[in-house]
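> Next input, structure requested:
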Amino acid sequence: MRRSGRKSWLAGLAAGIIVLFGLGLAAPRAEETRAGRTAILLDIDGAIGPATSEYLRQGFAQASDRGAALIILRMDTPGGLDTAMREIVRAILASPIPVITYVSPSGARAASAGTYILYASHLAAMAPGTNLGAATPVTLGGGEGGEADQKAPQDAHMAKAVNDAAAYIRGLASLRGRNIAFAERAVREAASLPSQEALAQGVIEIVATDLKDLLAQAGGRIVTVNQQKVTLDTSAVDIVAIAPDWRARFLATITDPNIAYLLLLLGVYGLIFEFLSPGAVAPGVIGAISLLIGLFALGLLPVSFAGAGLLLVGIVLMVVEAVIGSFGVLGIGGVVAFVVGSIFLFDNSVPGFSLSWPVIATAAAMSAAFFLLAIGAAWRAHRRTAVTGDAALLGSAGHVVAWDGGRGLIQMPGERWQARADAPLAPGQRVRVVARDDLTLVVVPDAVSPPQE
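Reported below is the predicted structural model:
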């Protein structure tokens with residue numbers, strides 16, 4: 001009976017394993033039957049930067065792995081960095097999967113860098129009440145790019161940037177068969193269009209109220225994917241939204257200019273504290289990690305070297321103030337350089353990549369408090385009576401312990417010294433130190449000493 005029971009138990013276990021194995025084999029087949037019936041939805045919400053390009057890179061890779069039929073970029077952006085935008089455009093142009101960029105919801109925009117992405121997409125769509133355009137490039141320290149009434153660059157550097165951007169978007173418009181004239185005006189004149197006018201002028205192909213309407217209108221359209229004509233089949237397509245993973249979210253956090261700025265300051269002050277108080281360890285470790293992360297983030301952002309230099313000069317001056325104590329001269333100059341450098345550290349004309357005034361004010365106030373505390377400590381140390389060295393001995397009083405001729409032993413607070421004097425002294429007599437000769441004190445009778453018998 002035991003053997004038969006054991007055999008039945010083993011048979012049941014084997015049957016269960018076979019069933020699970022069969023289900024495991026069947027699952028991929030079920031997924032394969034849905035291959036090509038999925039539309040991957042990726043959201044571009046806010047300024048376009050390194051985190052955006054990383055998120056889309058991951059999204060495109062997942063769409064390829066899933067064998068998706070479409071990639072939908074739902075976009076609402078004021079613009080962003082040129083480098084990140086060009087990475088996204090290259091990914092779209094190289095994608096083996098058709099990409100639809102959809103400016104949504106109502107009230108959204110595809111300004112600046114968003115216009116280039118819209119032009120690069122296989123299909124361009126907008127929701128009612130949205131707009132696109134204003135694609136004039138902005139550069140650090142260069143001209144007034146982005147003003148709607150500017151029709152000519154102000155200097156050679158800006159002229160190169162505008163001409164390059166105009167040629168770039170003209171190429172995208174020609175590739176996708178869209179309105180080339182408006183594309184150039186969007187760059188050179190910062191022109192903008194609402195959705196219905198964009199549709200009428202051949203800038204986009206679809207105005208859709210929602211994703212369902214978008215798929216319905218996209219079905220049956222012919223697009224060119226990697227130089228091949230593809231007819232879109234959007235019937236019964238499932239929309240799968242993909243959120244950014246932890247790496248993209250972490251990158252988005254540290255490339256926020258305010259976060260990168262605070263990480264940089266935390267790193268610098270952590271190391272300064274460690275150098276001034278060796279052995280604390282924690283400030284040095286935290287400072288080093290914060291500084292490395294902050295520098296990595298700054299390397300991905302449009303940083304002004306002049307602003308960074310002023311910021312560094314300001315920090316150095318405040319540190320020197322704390323070390324040598326110039327009673328405010330270096331500290332005030334350091335705070336001024338710190339604030340000016342913070343203002344110019346990032347280009348305010350790049351949407352979403354500028355420092356907020358509250359952050360600058362808070363950092364400046366904390367730095368000013370740092371050097372004010374240093375000044376206070378220096379002033380108190382300057383006024384405090386010396387307790388060691390010659391400064392502490394000269395003028396101090398003691399009494400004679402033993403005396404013979406012109407030399408003897410005197411008791412000072414906490415210690416005994418060899419002493420000499422020109423006047424005769426007696427044990428117990430109070431004396432005052434007037435000089436020190438190596439290890440011998442020169443003393444005189446103290447005026448307040450009682451008369452000797």
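> Identify the residues contacting the most centrally placed residue in the chain.
The centre of the chain sits closest to A260, judged by C-alpha atoms, centre = their mean, with a distance of 2.5 Å. Applying C-beta atoms under 8 Å, 6 or more residues apart in numbering to A260 gives the contacts 254, 294, 297-298, 301. Any C-beta I mention is one placed from the backbone N, CA and C, and that applies to glycine too.
> same thing with L132?
103, 109-111, 114-115, 118, 126, 186, 192-193, 198, 203-204.
> Stretch 290-310 - what's its average pLDDT?
For stretch 290-310, the mean per-residue pLDDT is 83.
> how about it as PDB, C-alpha atoms only?
The C-alpha coordinates for stretch 290-310 follow below in PDB (Å, rounded to 0.1, in the frame of the first residue of the first chain):
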ATOM      1  CA  SER A 290      27.400  63.700  -4.600                       C
ATOM      2  CA  LEU A 291      30.200  65.500  -6.500                       C
ATOM      3  CA  LEU A 292      30.700  62.700  -8.900                       C
ATOM      4  CA  ILE A 293      26.900  62.400  -9.600                       C
ATOM      5  CA  GLY A 294      26.600  66.100  -9.900                       C
ATOM      6  CA  LEU A 295      29.500  66.400 -12.400                       C
ATOM      7  CA  PHE A 296      28.000  63.500 -14.400                       C
ATOM      8  CA  ALA A 297      24.700  65.300 -14.600                       C
ATOM      9  CA  LEU A 298      26.300  68.600 -15.500                       C
ATOM     10  CA  GLY A 299      28.100  66.800 -18.300                       C
ATOM     11  CA  LEU A 300      24.700  66.000 -19.900                       C
ATOM     12  CA  LEU A 301      23.300  69.600 -19.500                       C
ATOM     13  CA  PRO A 302      24.000  72.900 -21.300                       C
ATOM     14  CA  VAL A 303      26.400  74.400 -18.800                       C
ATOM     15  CA  SER A 304      28.000  77.800 -19.200                       C
ATOM     16  CA  PHE A 305      31.700  77.600 -18.500                       C
ATOM     17  CA  ALA A 306      31.700  81.300 -17.400                       C
ATOM     18  CA  GLY A 307      29.000  80.500 -14.900                       C
ATOM     19  CA  ALA A 308      30.700  77.400 -13.600                       C
ATOM     20  CA  GLY A 309      34.000  79.400 -13.200                       C
ATOM     21  CA  LEU A 310      32.300  82.100 -11.200                       C
END
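> Can you list the buried residues in that stretch?
Using 16 or more other C-beta atoms under 10 Å as the test for burial, stretch 290-310 gives 290-291, 293-294, 297-298, 300-304, 307-308, 310.
> Please identify which pair of those lies farthest apart.
Greatest spacing in those, by C-beta to C-beta: I293 and L310 (22.1 Å).
> So for G16, what's the pLDDT?
For G16, the pLDDT comes out at 48.
> same deal with G143?
Reported pLDDT for G143: 36.
> Also the one 4 residues further on?
Listed pLDDT for E147 reads 39.
> ok, the contacts of A260 vs V442, which is closest?
Nearest to V442 among those: G294, at 58.6 Å, using C-beta to C-beta.
> how about that closest one, phi and psi?
phi -60, psi -40 (degrees, to the nearest 10).
> That one and V303: what is the separation?
Distance, G294 to V303, using C-beta to C-beta, to the nearest Å: 11 Å.
> and the one helix or strand A63 maps to, what other elements does it pack with?
Here A63, judged by DSSP states H and E, is contained in helix 50-66. With contacts taken as 3 or more C-beta pairs under 8 Å, 6 or more residues apart in numbering; DSSP states H and E, helix 50-66 sits against strand 38-45, strand 70-76, helix 82-94, helix 246-254.
> any idea of the angle that helix forms with helix 82-94?
Angle between the axes of helix 50-66 and helix 82-94 is 10 degrees (criterion: axes from the mean of the first three to the mean of the last three C-alpha atoms, to 10 degrees).
> quick revisit: which of the buried residues of stretch 290-310 fall in helices?
Judged by DSSP state H, those include 290-291, 293-294, 297-298, 307-308, 310 as members of helices.
> ok, so of these, who is nearest L409?
Set against L409, the nearest of these by C-beta to C-beta is L291 (57.5 Å).
> ok, A165 - contacts?
Residues near A165 by C-beta under 8 Å, 6+ apart: 135-137, 187.
> can you rerun that using 7 Å?
Counting by C-beta atoms under 7 Å, 6 or more residues apart in numbering, A165 makes contact with 135, 137, 187.
> Confidence-wise, which of those residues comes last?
Taking pLDDT as the measure, these have their low point at P137 (79).
> G80 versus that one, what's the distance?
Distance from P137 to G80, by C-beta to C-beta: 11 Å.
> repeat for R430
81 Å.
> got the contact list for stretch 168-177?
If you take C-beta under 7 Å, 6+ apart as the criterion, stretch 168-177 is touched by 116, 119-120, 135, 179-180, 183-184, 187.
> ditto for stretch 118-129
73, 89, 92-93, 98-108, 110, 132, 169, 172-173, 176, 178, 183, 195, 198, 204-209, 214, 218, 221, 223, 225.
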